[in-house]
Each structure stands twice: as structure tokens, then as C-alpha cells.
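**Q** Okay, predicted coordinates and the sequence, questions at the end:
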Amino acid sequence: MRECRTASHAGARAWLAGITAHVLMLSVVTSGLLHAQYLRPRDVDTLPARPADLRLPYGTDSLQFGDLRLPVGAGPFPLAIVIHGGCWVSRFASLQNTAAMADALREAGVATWNIEYRRLDHPGGGWPGTFTDVADAADFVLQLAGRFPIDPGNVIAVGHSAGGHLALWLGGRSRLSAGSALHRPNPIALRAVVALGGPGDLRDFTGYAERICGEPVIEQLFGGSPAAVPDRFDQGSPRSLLPMGIRQLLIVGEADRVMPAPSREAYAAAARAAGDPVEVVVIPGAAHFEVIAPVAAAWPTVRATLLALLGPRP
């Protein structure tokens, strides 16, 4: 895959016009007047986002790539590894679903590496490919830092929905044994990991995943149930990798069915009991997709929380 620069003044003007139109279109939803009209996946896909500065491969498969966005200035910039969701299957989402969020963080002075990866319905995806793709994409940041003004010591992972699970998993994968199929030597050190409406306990999520995703995706992801392949759940479920030794943040809309209160509080309690710093931020008037939509009323809270994790920026 060739590197491709795509930014332009015309694109910026179109982005500004588009963002204005979307603010007007969604004002009723985000004002809180009609809480029933929450954002849908395709609503977020169509939000305006300026093009990435570069699209780069981190592997040889056609789905092993990411979009790099760099703020204006000399840097070095903190970086957010951005991981889209979609129930770990391809039909629900791609990295387009997190493009607007990645662009908004770039505007706030944070470099973003919005990654694509193989899902469970792709050749080579599922176990272990989905996990190893995300691990390889994260570790590729060290190569990016050698070429671009990125601070490799100031990196967070932030994921939405299934991507939230994968972001949390990145925080704990250093505890994997060398014999694990998911193991990678010398993984990148992260300052924090953030799950935006994403599950941290996949054993728990198997109890209601089919209601959310329409099929038993966790069993498909791991190639079996928790009883059938417990070792895989031990390696791939963030709760089984506690303590991670880094800060964890769960941001969730109060109406989000993917991370209902009992599930998120149980995970947070387990992390605290293990000695990890963890925080749960519940955003009123939001559901599952508002937390990644820069036009939504939830975004200022999400943005401020993420920026606080990264500290001062150039």
C-alpha cells in the first residue's frame, strides 16, 4: 500500500461546511429534547472529517493499515491509537466510524493513529488474528515516532465498543506469557487505555452479546465458549489480565446497552481490587454512539477527559 497525502484547502472548506450542516441536523438530538433519537452507526460514518495526512500499512494484509493524522506545528505530539468497534465483525463498522473523532483530536493537538484490522469474519481474523493485528498496529507507533513528530512516551489507546475491549486488552497484554498466541515482545508502553462504551469482561459479555450484535460473536471471536476455551478467554478478556499497572478509563453514555451499569461497575470494582487506577465516566443524555461524535453534546466531556490523560501538548 503506498503512502498517500490527501489534505487540501478545499477539503478543509468542505469539512467546515459539512460540520455546520451536521450540527444543525443533529441539534434536536443532542439538545436532549428527543432522547429516543440517538445516533446510529451510519450517522457517525457520515460525519465530516478532514482526510488523514497519511495512510500507512503496518502489515502485509490489505486490512492491516492505519490513518495517521498530525496536528499543525513542530511537535513532538502526544498520540492516541484509535480503534473502531462493530461487534468484531466487518459489516457494522470500519475505521470510517472513528474518523471524525480522530480528526477532532488532531484539531485539539493530538496525533491520531486510526487503525483498521481483520475482524472475525475475515480470513485470518478472529482468534488470534484480530488481537495480533491490533497489537502490531499499536507497536507500529514506535516506527511512526522515528519518522514523524510523535512522542512515543505519551501514547494512549482509545477504542469504541468492540474497539474499547481491544483498547483495554492492549493495556494488559504485557502480562501474556511468551507461549501465548497473542504475545508480542516489548509491547509499546501506554500512558492509559480508554474504553468508550466497550466491554472489559468478555465472559460477562457472552451473557448478552447476542442481544447487542445479533449473534454469539464472542464465542465466534474465541472459537468457543468460556467453558470450551477458557485459556483463550484468559488471554483475550481484559478482566483476566488485571492488574494492568496503568490507568483505565471507562466512558459510557447513560443509555448505552453495551455497557450497562452492573457490567461496567463490576469491571471497575475488579480493577480497583487488583490495584489498578480506574475511573468510570457516565454521560447523561447519551447512548452508544454519542461518545465518538464530535457534534454531539457528549463530546466536550469525552474530549476534555482524553486531553487530561495526555497532559501538556506542544
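**A** Looks like it arrived, so ask away.

**Q** rest of the way, CA atoms for contacts and neighbours
**A** Noted.

**Q** Need phi/psi at Arg119.
**A** phi -90, psi 180 (degrees, to the nearest 10).

**Q** can you check Arg69 too?
**A** Per degrees, to the nearest 10, the backbone of Arg69 is at phi -120, psi 130.

**Q** burial count for it?
**A** 26 (other Cα atoms under 10 Å).

**Q** for Asp201, same thing?
**A** 21.

**Q** Strands of the stretch 201-314 of the chain, residue ranges please.
**A** 247-253, 278-283 (DSSP state E, counting those that start in this stretch).

**Q** any chance of these in a markdown table, plus distance to Thr60 and mean neighbour count?
**A** Converted to a markdown table, those look like this (distance: least, Cα to Cα, whole Å; neighbours: other Cα atoms under 10 Å):
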| stretch | distance to Thr60 | mean neighbour count |
| --- | --- | --- |
| strand 247-253 | 31 | 24 |
| strand 278-283 | 36 | 17 |
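
**Q** Turn those strands into a markdown table, including mean pLDDT and distance to Leu144.
**A** Shown next, in a markdown table, are the strands of the stretch 201-314 of the chain (pLDDT from 0 to 100; distance: least, Cα to Cα, whole Å):
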| stretch | mean pLDDT | distance to Leu144 |
| --- | --- | --- |
| strand 247-253 | 97 | 24 |
| strand 278-283 | 97 | 29 |
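
**Q** now the stretch 201-314 of the chain, which segments are flagged as low pLDDT?
**A** In the predicted model, the stretch 201-314 of the chain carries pLDDT under 70 at residues 312-314.

**Q** and of the strands of the stretch 201-314 of the chain, who's closest to Gly172?
**A** When these are compared by Cα to Cα, strand 247-253 sits nearest Gly172, at 10.2 Å.

**Q** what about the closest residue to Glu210 other than its chain neighbours, how many neighbours?
**A** In this structure, Glu210 finds its nearest non-sequential neighbour in Pro216, 4.9 Å apart by Cα to Cα, 6 or more residues apart in numbering. For Pro216, the number of neighbouring residues by other Cα under 10 Å comes to 19.

**Q** one step back: can I get the strands of the stretch 201-314 of the chain in TSV including distance to Leu166?
**A** Formatted as TSV, the strands of the stretch 201-314 of the chain follow (distance: least, Cα to Cα, whole Å):
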stretch	distance to Leu166
strand 247-253	13
strand 278-283	16
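
**Q** For the stretch 51-200 of the chain, which segments count as helices?
**A** 99-107, 129-139, 141-147, 162-172 (DSSP state H, counting those that start in this stretch).

**Q** pLDDT averaged over the second one - what is it?
**A** Pointing back at helix 129-139 there. Helix 129-139 comes out with an average pLDDT of 98.

**Q** residues in contact with it?
**A** For helix 129-139, contacts defined as Cα atoms under 8 Å, 6 or more residues apart in numbering pick out 58-59, 64-66, 81, 115, 117-120, 124, 166, 170, 182, 184, 187-188, 236.

**Q** Mark which of those residues are buried, thanks.
**A** Buried members of those, counted by 16 or more other Cα atoms under 10 Å: 58, 64-66, 81, 115, 117-120, 166, 170, 182, 184, 187-188, 236.

**Q** Select from those residues every entry located in strands.
**A** Among the buried ones among the contacts of helix 129-139, DSSP state E puts 65-66, 81, 115 in strands.

**Q** Widest-spaced pair of the residues you listed?
**A** Phe65 and Ile81 (12.4 Å).

**Q** what is in contact with these two at once?
**A** Ile115.

**Q** Return the residues in contact with Glu290.
**A** Residues near Glu290 by Cα under 8 Å, 6+ apart: 38-39, 253, 296-299.

**Q** if we take these, which one ends up nearest to Ala287?
**A** Nearest to Ala287 among the contacts of Glu290, with distances taken as Cα to Cα, is Gly253, at 4.5 Å.

**Q** just checking, that closest one touches Gly285?
**A** Yes. The criterion here is Cα atoms under 8 Å, and Gly253 meets it with Gly285 at 7.0 Å.

**Q** which residue packs closest to Pro57, ignoring adjacent ones?
**A** Phe65 (4.0 Å).

**Q** and the gap between Leu182 and Pro243?
**A** Taking Cα to Cα, to the nearest Å as the measure, Leu182 and Pro243 are separated by 18 Å.

**Q** and the contacts of Glu290, which two are the farthest apart?
**A** Most distant of the contacts of Glu290, by Cα to Cα, are Tyr38 and Trp299, 13.9 Å apart.

**Q** Let me know whether Val44 touches Ser94 as I believe.
**A** No. When contacts are counted by Cα under 8 Å, Val44 is not listed as touching Ser94 (11.2 Å).

**Q** These two: who's more crowded?
**A** Val44 (22 against 19).

**Q** Give me the below-cutoff pLDDT ranges for the stretch 1-150 of the chain.
**A** In the stretch 1-150 of the chain, residues with pLDDT under 70: 1-36.
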